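K.L.:
predicted model and sequence follow; I will ask about them next.
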Amino acid sequence: MDAERTTPSRPSSPLRWFPEFLQVTRKRSGPQMRLFGSAVLVGVVAGLGAVAFSVACQAVVRFSLDGIAGYRAGGPHGEPRVAWITEGDGQLLPWLLPATALVGGLVSGFLVFRFAPEAEGHGTDSVIAAYHFRYGEIRARVPIVKLIASAITIGTGGSGGREGPIAQIGAGFGSMLARWLGLAVAERRILLAAGMGAGIAAIFRAPLAGALFAAEVLYSAPEFEPEVIIPAGVASVVSYSTFGLFFGWRSLFTTPLLEFNSVGQLGAYLVLAVAMALLAMIYTRTFYWFTYLFGRLQVARWLKPAIGAAVTGLVAMGLYYALGRDVHTLSVLSFGYGLLQDGFTDATSMSASVLVTVALGKIVSTGLTIGSGGSGGVFGPSMVIGGCAGGAFGLLLHRFWPELAPQPASFMIIGMAGFFAAAAKTPFSTLVIVCELTGDYRLIVPALWVCALAYLLSDEQSLYRSQVPGRYYSPAHQGGYVQAVLAGTTVRDILRPGAKPASLIPSDSLTTVLDRFDATSRIVLPVVDGESQLMGVIHLNEVYWTSHRQAMFPWLVAADLMRPVRPLQTDDSLERAVELFAENDLSELPVVEAVANPKLVAMVRRTDVAKAYLRRVHAQSEGSGQQSVGT
């Protein structure tokens, strides 16, 4: 016997741990694979949405600006072209530009305010608001209305960009897919942001920038949403590839060989960063000043985009005649990318005065178009404003100090990056997106320098008003800070002793269900079997809608109205309770003894957790007050 006790035991076989390994892997990989598959679907839809939006924009431009007013703006060399949409050969008629824009504004305004008012303005801000304040919810009709209205607004001459519409298309599908799959609120928010990034990745051929933009644009502080980056990266790769299948793989713009090879140039780029920060302040304030003016205008909301678009056309026509009929001045209309491509190709042939005029005119025309309620994005106009202003600065340096600016086109590219970094508070994703737009990373050093400085020198005003300063201020994360206060308190601590919860059994008729709700103040009732084992819950809303179906009334029982639920356990912490309230999307949850023994113990409300939180905060504040007095 003693010998047996002293005999060392044999090492256990590695296979003994294999079932446990499988269980842990399955638990971890299940949600991950579900999110991965959802991100792939979001990417496919965002890519197809980008294809549809690109075709729609080209078609509207061809049959309005080109076909009616004879204005052919050109575009980036990498712009996808649809074979059946060819350029016209008519003469430019500038006096028709205001009329064309007016009609486009009328149609767009009617569509938006009749079917989806959320689609007005720049769509990215609406997506950010949905992430923080609306539980990741976007109505299914919004992306469709946004696509059509934006194509009409921009295609007829309104100054706007593509990123807002396509971001709302991708985000809208992400939100809708999460609803279809019954995903938790946190996962819905992630798919919404991933869809936004996927849209950016496809329309600008910038997959890395799309993933980073989706995680960075949510906050005005230099913070990223870490949960978003990987799903957004997956969705961005898929959307980029989907778009590439139709329109190829070229970067949007083509540029000559541009390099940074002199430390002395950093001084010139420092001045550029200061200028871009100041110009961004002017842009954001002008934009929201126009928004304020149109908000106070006493006309029907659906007419305001037409007024803004018509005035935009008048501004373009006035600049055209004022600067000697230079067609580049008309870049204040529509996208304006043709001027940027001309500058990249041969910047020294450009006029600094024309570039400055277009930059300032684009600020005004974008405020008029989007601030009036027109549908479009603000990223595209920002690229034109920053590129033109940076190009003008580069041309002046090239003329007087050529050693500081041997290639003025470099300042045009860096100006694009620095301006939007300051205006949108997205220095890192902007840095990457400009590099991917041009297909060239050789200017990444001065671009990083200017983006960081322009962001630091800018003020708190952002193009995206729905941004919050950081994760602490976001309703999407405030639960985490509540949990820190609740640490150490369990569900058992907040239960009322002796309180027996009202419940139902699966065979209870609809009449019994209604009577039970009438007899209690609960809006959620548990359903139990004969041994008080929890089977599910019934929400009052479901009973309300079902009670209107008179034909089914006699046949319905509690089991037909019941939904599954993940209950609380008596030993769960209140941190876990906060998570389960959000996951189940219920204001009341049943409490069971254990998952293995789901015997109903009680019902707990969100307000019970809120009261526990307030008591803990009050106790902590009293304790700290007594400590300070004693000290």
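P.N.:
Perfect, I can see it now. Just so you know, these numbers come straight off a predicted model, no measurement behind them.
K.L.:
tell me the buried residues in the helix or strand where residue 388 lies?
P.N.:
Element membership for residue 388 (DSSP states H and E) is helix 379-400. Residues 379-395, 397-398 are the ones in helix 379-400 that count as buried (16 or more other CB atoms under 10 Å). Quick note: C-beta positions are derived from backbone N, CA and C, even for glycine.
K.L.:
then stretch 594-605?
P.N.:
For stretch 594-605, by 16+ other CB under 10 Å, it's 598, 600-605.
K.L.:
so which of the residues you listed comes closest to residue 66?
P.N.:
Closest approach between those and residue 66, by CB to CB: residue 605, at 61.9 Å.
K.L.:
who are the contact partners of that closest one?
P.N.:
587-588 (CB atoms under 8 Å, 6 or more residues apart in numbering).
K.L.:
one more: residue 174?
P.N.:
38, 42, 188, 191-196, 235.
K.L.:
quick one, phi psi at it?
P.N.:
phi -60, psi -40 (degrees, to the nearest 10).
K.L.:
mind checking which of the contacts of residue 174 are in helices?
P.N.:
Mapping the contacts of residue 174 onto helices (DSSP state H) picks out 38, 42, 188, 191-196, 235.
K.L.:
of those, closest to residue 337?
P.N.:
residue 196 (21.3 Å).
K.L.:
residue contacts, that closest one?
P.N.:
124, 127, 167-168, 170-171, 174, 213-214, 217, 232.
K.L.:
which of these tops the neighbour count?
P.N.:
residue 170 (38 neighbours; other CB atoms under 10 Å).
K.L.:
tell me which helix or strand that one sits in.
P.N.:
helix 163-181.
K.L.:
helices of the stretch 151-300 of the chain, start to end?
P.N.:
163-181, 185-203, 207-216, 226-247, 265-296 (DSSP state H, counting those that start in this stretch).
K.L.:
no no, the stretch 451-600 of the chain
P.N.:
478-486, 510-519, 540-546, 558-561, 574-584.
K.L.:
just put these in TSV and tack on distance to residue 95, mean pLDDT and mean neighbour count.
P.N.:
TSV is the format used below for the helices of the stretch 451-600 of the chain (distance: least, CB to CB, whole Å; pLDDT from 0 to 100; neighbours: other CB atoms under 10 Å):
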stretch	distance to residue 95	mean pLDDT	mean neighbour count
helix 478-486	55	54	14
helix 510-519	68	84	15
helix 540-546	57	75	13
helix 558-561	65	84	18
helix 574-584	58	76	19
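K.L.:
would you list these in CSV and tack on distance to residue 432?
P.N.:
Formatted as CSV, the helices of the stretch 451-600 of the chain follow (distance: least, CB to CB, whole Å):
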stretch, distance to residue 432
helix 478-486, 28
helix 510-519, 54
helix 540-546, 45
helix 558-561, 50
helix 574-584, 32
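K.L.:
domain parsing of this structure, as residue ranges.
P.N.:
According to automatic domain parsing, the chain comprises the domains 31-473, 478-617.
K.L.:
residues contacting the closest residue to residue 340 other than its chain neighbours?
P.N.:
Nearest residue to residue 340, sequence neighbours excluded (CB to CB, 6 or more residues apart in numbering): residue 387, at 4.8 Å. With contact set as CB under 8 Å, 6+ apart, residue 387 has these partners: 339-340, 343, 412-413, 415-416.
K.L.:
give me the helices and strands touching the following helix or strand past the helix holding residue 388, please.
P.N.:
Using DSSP H and E, the helix or strand that follows helix 379-400 in sequence is helix 408-424. Judged by 3 or more CB pairs under 8 Å, 6 or more residues apart in numbering; DSSP states H and E, helix 408-424 is in contact with helix 265-296, helix 337-345, helix 379-400, helix 427-438, helix 444-457.
K.L.:
for residue 584, which of those helices is the nearest?
P.N.:
helix 427-438 (34.2 Å).
K.L.:
what does that closest one contact?
P.N.:
200, 204-210, 212-213, 215-217, 222, 251-255, 344, 383, 413, 416-417, 420-421, 424, 441, 443-444, 447-448, 451-452, 454-455.
K.L.:
among the helices of the stretch 151-300 of the chain, which is nearest residue 313?
P.N.:
helix 265-296 (15.5 Å).
K.L.:
quick one: mean pLDDT for the following helix or strand past the closest one?
P.N.:
Following helix 265-296 in sequence order, the next helix or strand is helix 304-322 (DSSP H and E). For helix 304-322, mean pLDDT is 93.
K.L.:
which of the contacts of helix 427-438 count as buried?
P.N.:
200, 204-210, 212-213, 215-217, 251-253, 255, 344, 383, 413, 416-417, 420-421, 424, 443-444, 447-448, 451-452, 454-455.
K.L.:
report the contact partners of residue 224.
P.N.:
Contacts of residue 224 by CB under 8 Å, 6+ apart are 212, 215-216.
K.L.:
and of those residues, the nearest to residue 587?
P.N.:
For those, the nearest to residue 587 is residue 215 (30.7 Å; CB to CB).
K.L.:
residue 78 against residue 255, yeah?
P.N.:
No - Residue 78 is beyond contact range of residue 255, at 10.6 Å (criterion: CB atoms under 8 Å).
K.L.:
ok, back up a step: pLDDT and distance to residue 265 added to the contacts of residue 174, as CSV?
P.N.:
Formatted as CSV, the contacts of residue 174 follow (pLDDT from 0 to 100; distance: CB to CB, whole Å):
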residue, pLDDT, distance to residue 265
38, 89, 46
42, 93, 41
188, 88, 46
191, 93, 43
192, 93, 41
193, 93, 36
194, 94, 38
195, 93, 39
196, 93, 35
235, 95, 37
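K.L.:
and of those, the nearest to residue 503?
P.N.:
Distances from residue 503 to the contacts of residue 174, taken by CB to CB, are shortest for residue 188, at 30.4 Å.
K.L.:
wait, the closest one touches residue 179, no?
P.N.:
Yes - with contact defined as CB under 8 Å, residue 188 reaches residue 179; the gap is 7.1 Å.
K.L.:
overlap of the contact sets of the two?
P.N.:
Shared contacts of residue 188 and residue 179, counting by CB under 8 Å, 6+ apart, come down to residue 137.
K.L.:
what about those two, which has more around it?
P.N.:
Set residue 188 next to residue 179 and count neighbours by other CB under 10 Å: residue 188 wins out with 25 against 15.
K.L.:
residue contacts, the more buried one?
P.N.:
135-137, 174-175, 178-179.
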